[in-house]
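Trainee: coordinates only, sequence not included:
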Ligand SMILES: Nc1ncnc2c1ncn2[C@@H]1O[C@H](COP(=O)(O)OP(=O)(O)O)[C@@H](O)[C@H]1O
Ligand SMILES: [Mg+2]
């Protein structure tokens, strides 16, 4: 997949965070990666589940073998099974030659079942057997094929809820989720947002070929106050648009186009700060944010550090920088 190219060699240790929830996810991922234990990744759409799956494979002893990714959404029953298990020539109309399925291709490597909640019950039964015994048959054949694939799966849906509705097999959940990893939403890791904004601005500016020197504090505040239902994918889009449409080297508030429905209403009764707009660098925007949260918590250092998702010593350093 083209979109993964940039991350094709990414390992778990390349992923960093200041958020406790994300750090927990990464440390669990690091421990499970070298084993063959099936990993189940849950989290909202756009949080980085697919990227984490690739990083787990790259951090495993299977890294020199293939990482086979399969997205189950929006696919007919026959097509889905044919993709997963392969088919023989003539197995169905249009099956003009023998084709290997993803399970077979992932032999000795990793098989990533993305959007796993969207698979039919019949496919689930076959997947269960394939995972449990490493055995399956191609469509149109009785011959048993074996494969040793490490299973990584992901969904943004609640599988246990689907199991209650009998849309997902409970035994398959148990099989797939040797270890469950929760990738937090962007709202749950706001401490990472300033650095991510800075990164995205740099990357998008480089890709689009534009010189962007800074982010206006109002633009920064607008980004920080957003609820980010689309998470990192939405952040990427919003920053890309801002970089593309700004007429200056500064990203201004009006360049930040957010989906109105999901915007928090800002409380205009709060004290209004007048910024020194001569310094619009990303670093000073970060410092201003630290200051604002510090004031918001009535100068409670532990609350501020927790809200920002940074350690006390990092916070102390930032506060010193501001003096
Ligand atoms: N740690 C990260 N830092 C920066 N960008 C990321 C990170 N994780 C994911 N992304 C980007 O966010 C977008 C969504 O990631 P993806 O793994 O496809 O999410 P999901 O599978 O949860 O929907 C992708 O464009 C990806 O490149
Ligand atoms: Mg995904």
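Mentor: Received it, and whenever you're ready, just let me know what you need. None of these values were measured; they are calculated from a predicted model. Numbers count the residues shown, from 1 in each chain. Ligands and ions are numbered 1, 2, ... in the order given.
Trainee: Tell me what whatever residue of the stretch 101-250 of the chain ends up closest to ligand 2 is bridged to.
Mentor: In the stretch 101-250 of the chain, the residue that lies nearest ligand 2 is residue 114 (5.3 Å; CB to the ion). Using the backbone N, CA and C atoms, a C-beta is placed for each residue, glycine as well. Residues in a beta bridge with residue 114, per DSSP bridges, are residue 71.
Trainee: how is this protein carved up into domains?
Mentor: Domain ranges of the chain: 2-182, 191-322, per automatic domain parsing.
Trainee: I'd like to know if the last one reaches ligand 2 anywhere along the stretch.
Mentor: No. Domain 191-322 stays out of contact with ligand 2 when judged by CB under 5 Å from the ion, the minimum separation being 8.8 Å.
Trainee: neighbours around residue 132, how many?
Mentor: Residue 132: 11 surrounding residues under other CB atoms under 10 Å.
Trainee: Kindly report the same for residue 30.
Mentor: Neighbour tally, residue 30, other CB under 10 Å: 16.
Trainee: Same question for residue 106.
Mentor: 26.
Trainee: Quick check, it in contact with residue 152.
Mentor: No. Between residue 106 and residue 152 there is no contact under CB atoms under 8 Å: 10.0 Å.
Trainee: And the helices in the stretch 51-200 of the chain?
Mentor: Along the stretch 51-200 of the chain, the segments classed as helices by DSSP state H, counting those that start in this stretch run 77-85, 102-105, 121-133, 159-164, 170-176, 193-208.
Trainee: Can I get those helices in a markdown table including distance to ligand 1?
Mentor: Converted to a markdown table, the helices of the stretch 51-200 of the chain look like this (distance: least, CB to the nearest ligand atom, whole Å):
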| stretch | distance to ligand 1 |
| --- | --- |
| helix 77-85 | 19 |
| helix 102-105 | 17 |
| helix 121-133 | 19 |
| helix 159-164 | 15 |
| helix 170-176 | 16 |
| helix 193-208 | 6 |
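Trainee: The closest residue to residue 138 other than its chain neighbours - how many residues pack around it?
Mentor: Spatial nearest neighbour of residue 138, chain neighbours left out: residue 86 (4.1 Å); criterion: CB to CB, 6 or more residues apart in numbering. Neighbour count of residue 86, defined by other CB under 10 Å: 24.
Trainee: just the domains of the chain: most buried one?
Mentor: Ranked by mean neighbour count, the domains of the chain are led by domain 2-182 with a mean of 18 (mean count of other CB atoms under 10 Å).
Trainee: if we can go back for a sec, could you identify which of the domains of the chain has the lowest mean pLDDT?
Mentor: Mean pLDDT values for the domains of the chain show the minimum at domain 191-322, a mean of 83.
Trainee: what's the span of it, first residue to last?
Mentor: This stretch, domain 191-322, spans 18 Å end to end (CA to CA, to the nearest Å).
Trainee: same check, this time on stretch 26-38
Mentor: 16 Å.
Trainee: roughly how far out does that stretch sit from the chain middle?
Mentor: The chain centre lies 17 Å from the centre of stretch 26-38; the measure is CA atoms, centre = their mean, to the nearest Å.
Trainee: Which single residue of this protein ends up nearest ligand 1?
Mentor: Ligand 1 sits closest to residue 48 of the chain, with a gap of 2.9 Å, by CB to the nearest ligand atom.
Trainee: Tell me which residues touch that residue, please.
Mentor: If you count contacts by CB atoms under 8 Å, 6 or more residues apart in numbering, residue 48 has them with 183, 231-232.
Trainee: 7 Å - rerun?
Mentor: 183, 232 (CB atoms under 7 Å, 6 or more residues apart in numbering).
Trainee: can you give me phi and psi for it?
Mentor: Residue 48 adopts backbone torsions of phi 110, psi 30, taken as degrees, to the nearest 10.
Trainee: distance of residue 166 from residue 97?
Mentor: Separation of residue 166 from residue 97 (CB to CB, to the nearest Å): 37 Å.
Trainee: Please name the nearest non-neighbouring residue to residue 185.
Mentor: Taking CB to CB, 6+ apart, and ignoring the residues beside it in sequence, residue 185 has residue 44 as its nearest neighbour in space, at 4.8 Å.
Trainee: Same check on residue 240?
Mentor: Counting by CB to CB, 6+ apart, residue 240 lies nearest to residue 204, which is 4.8 Å off, once chain neighbours are set aside.
Trainee: With residue 215 as the reference, measure out to that neighbour.
Mentor: 12 Å.
Trainee: circling back: right, and the residue nearest to residue 240 touches residue 238 too?
Mentor: No. Applying CB atoms under 7 Å as the test, residue 204 and residue 238 come out as separate, 9.9 Å apart.
Trainee: And ligand 1, is stretch 303-320 touching that?
Mentor: No. Stretch 303-320 is not in contact with ligand 1 by CB under 6 Å from any ligand atom; minimum separation 14.0 Å.
Trainee: Distance from the chain centre to that stretch, please.
Mentor: With CA atoms, centre = their mean, you get 25 Å for stretch 303-320.
Trainee: Alright, calling it a day.
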